[in-house]
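> Generate coordinates for the sequence data below:
(chains A, B, C and D)
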Protein chains: 2
Amino acid sequence: MPKRNDPGRRPTLADVAERAGVSAMTVSRVIAGNYPVAPPTRSKVLRAMRDLDYVVNAHARALAGATTKTVALVLDDATGPFFAFIARGVEQQATSEGRLCLLCTTHGDPERELAVVELLREQRAEAVILVGGAQDSETYTERMSAFARSLDKSGSRLVLCGRPSPGPDVPATVVEYDNEGGAYAMTAYLLANGHRRIAYVGREIGLSTTDERIAGFRRAHADHGVALDESLIRPGTFSRESGAAATEALWAERTDVTAVFAATDMVAAGVLKALRGRGVRVPEDVSVVGFDDIPLASDLTPALTTVHVPHEQLGREAVRLALHRGPDQDDRVVLGTHIVIRESAAPLRP
Amino acid sequence: MPKRNDPGRRPTLADVAERAGVSAMTVSRVIAGNYPVAPPTRSKVLRAMRDLDYVVNAHARALAGATTKTVALVLDDATGPFFAFIARGVEQQATSEGRLCLLCTTHGDPERELAVVELLREQRAEAVILVGGAQDSETYTERMSAFARSLDKSGSRLVLCGRPSPGPDVPATVVEYDNEGGAYAMTAYLLANGHRRIAYVGREIGLSTTDERIAGFRRAHADHGVALDESLIRPGTFSRESGAAATEALWAERTDVTAVFAATDMVAAGVLKALRGRGVRVPEDVSVVGFDDIPLASDLTPALTTVHVPHEQLGREAVRLALHRGPDQDDRVVLGTHIVIRESAAPLRP
DNA sequence: CATCGTATAGATACCGCTATCTGTGATGCT
DNA sequence: AGCATCACAGATAGCGGTATCTATACGATG
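Residues are numbered from 1 along each chain as shown, chains lettered A, B, ... in the order given. Now for the predicted structure:
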């Protein structure tokens, strides 16, 4: 441990004070700028600071009260296609509010998730933002409630971003986007284009996201007076491979489908690949649409018509809501989604 | 500011000590586990900690010496296509070494970059990892040297990841990847496939990355005894749009080119789009290759033959080298690159 | 029985900074 | 002149931990 007289240690307030021939308090005041200091004194202090290349100790400062606060972002995995956008939103907003941004990942491991939350409690993070699809189970709700309460007690705020709310009386902030509405709009678009046998590919069971999207899918059918063939809702995961496999299976079974609603853009990429393999033309023979609007969507051939999710804004709102909380502030926000029309969907040809 | 007797404040060591009927030191020892504590005492303390839901204050702990150290990752922009992979590598390695990971972005603004480095100095970050292409200028070298020295004085280590080294006597660690070798291998592959008029699209001037890739491009031509037509090296930026525009311009000028080496995968996406627009088939008429091997590469149609850059490993090495430094440890590492053959390049057809 | 080592717990002094209170000359006002 | 006011700087006391030294009880040892 460095002692006061260790020659190699970093300079402290006291060192600057000594060099400038003033008290430590005066130096602190020059830095904070919240108290009058006579110009000559100020410049002597600034001089000394520069000479010693002084840097305040953020930890000491935090301990003494005037903290540089921190916002933490917790992801499953940093390489998820849209996490980057949420991260950008979080980082932007955090920076613009003068906060630092911590990044942690859990790899979907509940054990690690717990450890990370605990660590962030120690760090006294102002907000802990959990992002990413979660199984909407009893266990999940309980876990999140526990996290929320425990973080609340340490003065932090839990923010669930794109995840279901654990309940109304839990001290957490929720930022979601309109899955149901997006799916409704997209399905309606396909129906309006004459499609009647639309497959939904990539129903990942137990995922709240999935349930909401399928609800929109159903509602659109109902509103348009089209009977929904339940066997057209195909199970799968949110991966390219799953999309391809489900498409293969579907086409092996029947070929009367005229449009495919992929659960995500990634799934759509798999669907397109499988269809191309079978010689099915998109959108001439079959229309394909996705969900998410990640950059990949516009790089696919044909460019994917999809539902836009405001990922970046999601991140920004998460930070904003967590930091500016008050009686008139909402603890739950649902951001809108909308469809983006590109080239992968077309009117039904007779 | 919370006072000792503020009822809503977070519990401290003293609170736990009081509840357990022991001294604060004993509690500290139970937590640290580095000193014998009698079993009955230990359990009393553990009990009290649980009752109060006690969490140590990381700041106080850092101030007193036993710090939870931090590694900082500084990016231009979190949404860059491969930043996510570097971030994953950094985060993984940092976590496995028991460090937290801070994330900052600069948006290419030198002002912000300076501010961020200053902030990280205050945070006493153990390592500051700067990622991303940089203009290789006099100014850059000076800036980085200054950062390196200034961070060094505050006990931090500067790591330049995928950026040029500012010089041998600067206290910084450099982790690069073999741009020249990758470009050489790819060019050699095209030449071996019979291509003789290969365009290099996306020469972003002043970027060290570009210079190295072009050097490999040149060397391969020389080694294969093929004269390089300098007018085939086309300027541009690392964007899809630039790739498309450069391709349009090139084809307007001449149509004898049989292969295009795009500076990055993103540029390649633009090249493919432009060629498709002109009815040029890939790889039948023209071969197209890229550089980076981001996920997009395998989603393009046709799947892109490209140079693989070990982004994730880059991030891991950055952290590893910064933390384990010693006399026998290198301060500069160059990771290998290799080509990944997919479907966008084919032998020249007569 | 005096002496000593050992195991355990407490006391004390910082770590580097800020909040708050306490001076102290210079100035303004009657 | 006498006194309140003001602008500024210093002294002091924590923030919540950890390192290090000291104190005490107790069994072992000669």
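> Can you pull the domain assignment for chain A?
A:13-64, A:70-177+A:312-335, A:179-310 (automatic domain parsing).
> Those domains: which one's closest to B:A252?
B:A252 lies closest to domain A:179-310 among the domains of chain A, at 23.3 Å (Cβ to Cβ). C-beta coordinates here come from the backbone N, C-alpha and C atoms, glycine included.
> For the domains of chain A, give me TSV that also has mean neighbour count and mean pLDDT.
Formatted as TSV, these follow (neighbours: other Cβ atoms under 10 Å in any protein chain shown; pLDDT from 0 to 100):
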stretch	mean neighbour count	mean pLDDT
domain A:13-64	16	93
domain A:70-177+A:312-335	20	90
domain A:179-310	20	96
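> Let me know which of these is the nearest to DNA strand D.
domain A:13-64 (2.8 Å; Cβ to the nearest atom of the strand).
> Give me the contact status of that closest one with DNA strand D.
Yes - against DNA strand D, domain A:13-64 shows contacts by Cβ under 7 Å from any atom of the strand at A:21-26, A:36-38, A:40-41, A:60, A:63-64.
> So which residues of the stretch 201-350 of chain A form strands?
Using DSSP state E, counting those that start in this stretch, the strands found in the stretch 201-350 of chain A span residues A:233-235, A:259-262, A:287-292, A:305-308, A:332-335, A:338-340.
> got TSV for the ones you listed, with distance to DNA strand D too?
TSV is the format used below for those (distance: least, Cβ to the nearest atom of the strand, whole Å):
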stretch	distance to DNA strand D
strand A:233-235	49
strand A:259-262	50
strand A:287-292	43
strand A:305-308	45
strand A:332-335	31
strand A:338-340	47
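> Of those, give the one that comes closest to A:V74.
The nearest among the strands of the stretch 201-350 of chain A, by Cβ to Cβ, is strand A:332-335 at 18.9 Å.
> Show me what that closest one is in contact with.
Contact with strand A:332-335 is made by A:S165, A:T173, A:V174, A:V175, A:E176, A:Y177, A:D178, A:P310, A:Q313, A:L314, A:E317, A:L321, as judged by Cβ atoms under 8 Å, 6 or more residues apart in numbering or on different chains.
> quick check, nearest of those to DNA strand C?
A:L321 (26.0 Å).
> Can you name the residues that contact that closest one?
Per Cβ under 8 Å, 6+ apart, neighbours of A:L321: A:V159, A:T173, A:V175, A:Q329, A:D330, A:D331, A:V333.
> And the fifth one, how far from A:R320?
Separation of A:D330 from A:R320 (Cβ to Cβ, to the nearest Å): 11 Å.
> quick one, helices of chain A?
A:13-20, A:24-32, A:39-52, A:58-64, A:83-96, A:110-122, A:138-153, A:179-192, A:208-223, A:240-253, A:265-277, A:296-299, A:311-323 (DSSP state H).
> quick one, which of those helices is nearest to B:R254?
helix A:296-299 (27.1 Å).
> sorry, back to before: out of the strands of the stretch 201-350 of chain A, the one nearest B:G277 is which?
Once the strands of the stretch 201-350 of chain A are compared by Cβ to Cβ, strand A:305-308 is nearest, at 19.4 Å.
> picking that back up, if we compare the helices of chain A, which one ends up closest to B:R218?
helix A:296-299 (30.0 Å).
> and that closest one, how far from the chain's centre?
Averaging C-alpha positions (Cα atoms, centre = their mean, to the nearest Å) puts helix A:296-299 20 Å from its chain's average.
> next one: stretch A:258-268
The chain centroid and the centroid of stretch A:258-268 are separated by 21 Å under Cα atoms, centre = their mean.
> does chain B sit close to that stretch?
No - Stretch A:258-268 stays clear of chain B (Cβ under 8 Å from any Cβ of the partner chain), getting no nearer than 9.1 Å.
> I figured A:P310 was touching A:A318, is that so?
No - A:P310 lies out of contact with A:A318 (Cβ atoms under 8 Å); the separation is 11.8 Å.
> Now do stretch A:211-230: everything it contacts.
Under Cβ under 8 Å, 6+ apart, the answer for stretch A:211-230 is A:136, A:179-188, A:191-192, A:196-198, A:200, A:203, A:233, A:261, A:263, A:291.
> try stretch A:190-201
In contact with stretch A:190-201 (Cβ under 8 Å, 6+ apart) are residues A:187, A:213-214, A:217, A:220-221, A:224, A:226, A:229, A:232-234, A:236, A:243, A:246-247, A:250, A:256-263, A:267, A:271, A:287, A:289, A:345-348.
> show me what contacts the residue lying closest to A:R203 once chain neighbours are set aside?
Setting aside the residues directly before and after it, A:R203 is nearest to A:P235 in space (Cβ to Cβ, 6 or more residues apart in numbering or on different chains), at 4.9 Å. Shown in contact with A:P235 (Cβ under 8 Å, 6+ apart): A:G202, A:R203, A:E204, A:I205, A:A246.
> What parts of chain A come near DNA strand D?
Residues of chain A lying near DNA strand D (Cβ under 7 Å from any atom of the strand): A:1, A:21-26, A:36-38, A:40-41, A:60, A:63-65.
> The same query, at a cut-off of 10 Å, please.
Within chain A, the residues that sit near DNA strand D (Cβ under 10 Å from any atom of the strand) are A:1, A:3, A:13-14, A:17, A:20-30, A:35-42, A:44-45, A:59-65, A:122, A:124.
> overlap between those and the residues near chain B?
A:M1, A:H59, A:A60, A:R61, A:A62, A:L63, A:G65, A:E122, A:R124.
> Which residue is the nearest non-sequential neighbour of the second one?
The shortest distance from A:H59 to any residue other than its chain neighbours is 4.1 Å, reached at B:A62 (Cβ to Cβ, 6+ apart).
> dump the residue contacts of the one you found.
Neighbours of B:A62 in contact, by Cβ under 8 Å, 6+ apart: A:H59, B:T68, B:R124.
> if you set the cut-off to 10 Å instead, what comes out?
By Cβ atoms under 10 Å, 6 or more residues apart in numbering or on different chains, the contact set of B:A62 is A:N57, A:A58, A:H59, A:A60, A:A62, A:L63, A:Q123, B:T68, B:K69, B:T70, B:Q123, B:R124.
> Could you work out the most separated pair of those residues?
Between all members of the contacts of B:A62, the farthest pair (by Cβ to Cβ) comes out as A:L63 and B:K69, at 16.9 Å.
> about what we covered before: want to throw the residues of domain A:13-64 next to DNA strand D into TSV with distance to DNA strand C?
Listed next are these as TSV, based on distance: Cβ to the nearest atom of the strand, whole Å:
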residue	distance to DNA strand C
A:G21	16
A:V22	12
A:S23	9
A:A24	5
A:M25	5
A:T26	10
A:P36	11
A:V37	12
A:A38	11
A:P40	14
A:T41	12
A:A60	3
A:L63	4
A:A64	3
